[in-house]
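K.L.:
Kindly generate the corresponding structure for this input.
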Amino acid sequence: MHVTLLGPQRRPTVDQVAAGLPAGTPFATITAGWEEREPDDTELDALLGGRTVNLNLYGRWLDVQEHDPEFAAHELEHRTYLEELRLLYLVQLESAGGTIDALARRNGDRREAIESALADARSVVRLLDDSHTARVRATEKEFRARLAPEERPVIAEHRAAVKAVLEQVGGLVVTGGHVAVLLRLMRLFGVSACIPEQVIAWSAGAMALTERVVLFHDRMPQGMSPSEIYADGLGVIREMVLLPHARRRLRVDDSRRMATMVKRFAPAACVVLDDEVRLDLDGDGRLPGGARVVDDTGHIVTLEQA
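P.N.:
Presented below is the predicted three-dimensional model:
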């Protein structure tokens with residue numbers, strides 16, 4: 001599988017990637033992260049040479065809600081519970097993060113004593129991450145076992161239709177938008193079971209392809225929000241935490257805060273996906289030379305060419 005990761009498409013570059021593929025390559029597209037605007041893909045289709053088939057995942061979800069209201073009700077209850085777990089996790093993260101900040105600002109103590117205390121505090125954050133991830137996984141497993149979505153007629157019909165399209169195209173394009181919606185619907189309709197050899201993704205679409213979807217935002221109106229592990233991703237991309245809009249969303253000039261994030265998610269690389277970035281992963285899914293990552297000192301550096 002060949003995966004191309006792009007920066008945000010405010011000034012599109014996806015057409016340049018498509019131009020490098022064999023002429024006439026058809027693409028399946030996923031714009032479900034745009035939710036109600038999912039069908040507004042005319043520009044995307046033009047950029048991809050007018051040869052796209054939109055998988056219409058959000059539209060399919062609306063159809064499931066209409067024709068299987070029992071499942072829709074249980075799914076809403078399930079998402080509500082997951083959000084409750086998430087909010088409690090954020091309360092814990094804010095407390096643990098405050099401890100790290102307080103320790104890092106201390107003066108007059110021996111440096112080795114502060115570092116030991118910081119190591120303990122970081123261990124607490126990793127424990128919170130692991131515990132929350134385990135709870136979410138257990139909750140998702142229980143929901144799937146109880147509702148068996150793939151066996152429900154309406155969902156099974158849509159999964160079969162999605163599979164049929166993906167088996168006929170040469171590539172898959174996953175756009176940005178609401179990452180939670182993207183991830184949920186890609187999983188519900190079985191996208192990961194039949195992904196084509198060529199994948200192009202950006203922003204939230206790229207994040208959904210990772211092993212762990214990490215949400216981050218240091219520039220919220222109400223102040224900094226702690227980075228959080230939202231959920232398991234589809235696992236197409238491994239050992240990477242993707243940071244779209246990194247310079248707009250993160251305080252990249254705060255090297256201490258950035259270093260804390262890097263150490264927390266190691267050994268996964270924290271990869272910057274800013275405007276006009278293009279990363280063609282090799283056959284093993286490794287980052288190419290020239291990729292921009294955050295190193296363990298909290299600075300953005302460029303990987304050397306292999």
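K.L.:
Enumerate every residue touching Pro196.
P.N.:
Taking Cβ atoms under 8 Å, 6 or more residues apart in numbering, we find Pro196 in contact with 28, 166, 169-172. No exception for glycine: its C-beta is placed from N, CA and C like everyone else's.
K.L.:
and it, which of the three is it?
P.N.:
Under the three-state scheme (DSSP: H, G, I helix; E, B strand; the rest coil), Pro196 adopts coil.
K.L.:
Quick check: phi and psi on it?
P.N.:
With angles defined as degrees, to the nearest 10, Pro196 sits at phi -60, psi 170.
K.L.:
Local confidence estimate at it?
P.N.:
Looking at Pro196, its pLDDT stands at 94.
K.L.:
Next: Leu103.
P.N.:
With respect to pLDDT, Leu103 scores 89.
K.L.:
Gly223 now?
P.N.:
63.
K.L.:
buried subset of the contacts of Pro196?
P.N.:
Using 16 or more other Cβ atoms under 10 Å as the burial test, the contacts of Pro196 include 28, 166, 169, 171-172 as buried.
K.L.:
The residues you listed: which two are farthest apart?
P.N.:
Greatest spatial distance in these: Leu166 and Gly171, 10.0 Å, computed using Cβ to Cβ.
K.L.:
list residues touching both of these two?
P.N.:
Both Leu166 and Gly171 are contacted by 28, 196, under the criterion Cβ under 8 Å, 6+ apart.
K.L.:
low-confidence ranges in the chain?
P.N.:
In the predicted model, the chain carries pLDDT under 70 at residues 220-223, 306.
K.L.:
which residues in it form strands?
P.N.:
Using DSSP state E, the strands of the chain run over residues 2-6, 27-30, 52-54, 171-174, 198-202, 212-220, 223-232, 240-244, 269-273, 278-280, 292-294, 300-302.
K.L.:
got a list of what the closest residue to Glu197 other than its chain neighbours touches?
P.N.:
What sits nearest to Glu197 in space, not counting adjacent residues and going by Cβ to Cβ, 6 or more residues apart in numbering, is Met1, at 5.4 Å. Met1 makes contact with 195, 197-199, 236, 283, 285 under the criterion Cβ under 8 Å, 6+ apart.
K.L.:
Over to Leu234?
P.N.:
By Cβ under 8 Å, 6+ apart, the contact list for Leu234 reads 183, 186-187, 191-192, 208-210.
K.L.:
can we see that at 7 Å?
P.N.:
The contact partners of Leu234, by Cβ atoms under 7 Å, 6 or more residues apart in numbering, come to 186, 192, 208-209.
K.L.:
Whichever of the contacts of Met1 end up buried, select them in PyMOL.
P.N.:
In PyMOL, a selection of the buried entries from those looks like this (16+ other Cβ under 10 Å):
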select buried, resi 195+198+199+236
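K.L.:
Closest one to Asp120 out of the contacts of Met1, please.
P.N.:
Gly285 (33.8 Å).
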